[in-house]
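**Q** give the three-dimensional model of this entry:
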Amino acid sequence: MRALSRTCPQRRDFTWIGRPVAIAIIAGLFMAPCSRGAEPMLTLVDGANPWRGLIFGETARFPHSGDPRALWRAGDDFGIQGTEFLPFFLPDCPVKTDHADVLATAYRGPGRTLLALGSWAKTQTPVRLRIDWQALDLDAARASLYAPPITGMQSERIWKPDQPIPVEPQRGWFFVLDEVKREVTPAAPAPPPEPGS
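**A** Predicted coordinates for the structure are as follows:
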């Protein structure tokens, strides 16, 4: 079924095919319409929940149901085309979380992997990742989780793979998992209020 292809096509292909679908439902129910062979649903209505969408390899359809261009750019910067799509429901998905309501999907490339985390939890949830380092061909001691800045979605952050990651309800993260050394400049503190304001 094309909706569940393990090799990621060009982003314009997999964001424009199929009928729109709402994703504000539980992951198990969403999989049924998502994976229909005759009409794979590969676009999200109203630009809804891009974090959950990329769990299934989906984004909004521009310009009819949102503006996913910042997310597209992040995927292009990573080099998502040609990666191996390993969604959470596959037994050999190399990344799992320790929370049933926060799911992880991997887009595996040579020496680096893009991770999508999406939450169905009702509250902020700290999660830890269980990573099959051999399957990703990465060294756990040298690797890091890098959250690139994506306008309207996430600020730039870095975690060690064994650190807990806070995930807001109905949101998630996009991570680059690799061995590249990076430094992230902390956000500047807000200026103090003017006297008398």
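
**Q** okay, CA-based contacts and neighbour counts for the rest of this
**A** Will do.

**Q** any idea of the mean pLDDT in stretch 132-144?
**A** Per-residue pLDDT over stretch 132-144 has a mean of 97.

**Q** so where do the helices sit in this structure?
**A** Assigned helices in the chain, in chain order: 11-16, 27-34, 50-55, 69-78, 133-136 (criterion: DSSP state H).

**Q** packing partners for the shortest one?
**A** Identification of packing neighbours for helix 133-136 by 3 or more C-alpha pairs under 8 Å, 6 or more residues apart in numbering; DSSP states H and E yields no helix or strand.

**Q** can you tell me what sits against it?
**A** Under the criterion C-alpha atoms under 8 Å, 6 or more residues apart in numbering, residues 94, 108, 111-113, 139-140 lie in contact with helix 133-136.

**Q** now for the residues you listed: which two are most distant?
**A** 108 and 140 (15.7 Å; C-alpha to C-alpha).

**Q** those two: which is more packed in?
**A** Taking neighbours as other C-alpha atoms under 10 Å, residue 108 and residue 140 compare with residue 108 leading, 25 against 16.

**Q** you'd agree that one is up against residue 116?
**A** No - Residue 108 is beyond contact range of residue 116, at 11.3 Å (criterion: C-alpha atoms under 8 Å).

**Q** what do the two both touch?
**A** Common neighbours of residue 108 and residue 116, counting by C-alpha under 8 Å, 6+ apart, are absent.

**Q** contacting residues around residue 139?
**A** With C-alpha under 8 Å, 6+ apart, residue 139 has these contacts: 133, 179.

**Q** now do it against residue 101, distance only.
**A** The gap separating residue 139 from residue 101 is 28 Å, by C-alpha to C-alpha, to the nearest Å.

**Q** next: residue 137.
**A** Relative to residue 101, residue 137 is positioned 27 Å away (C-alpha to C-alpha).

**Q** repeat for residue 82
**A** From residue 82 across to residue 101, the span is 28 Å (C-alpha to C-alpha).

**Q** that older thread, least reliable of the helices of the chain by average pLDDT, please.
**A** Mean pLDDT is lowest for helix 11-16 out of these, coming in at a mean of 43.

**Q** low-confidence regions, this protein specifically.
**A** Within the chain, the stretches with pLDDT under 70 are 1-48, 63-65, 185-197.
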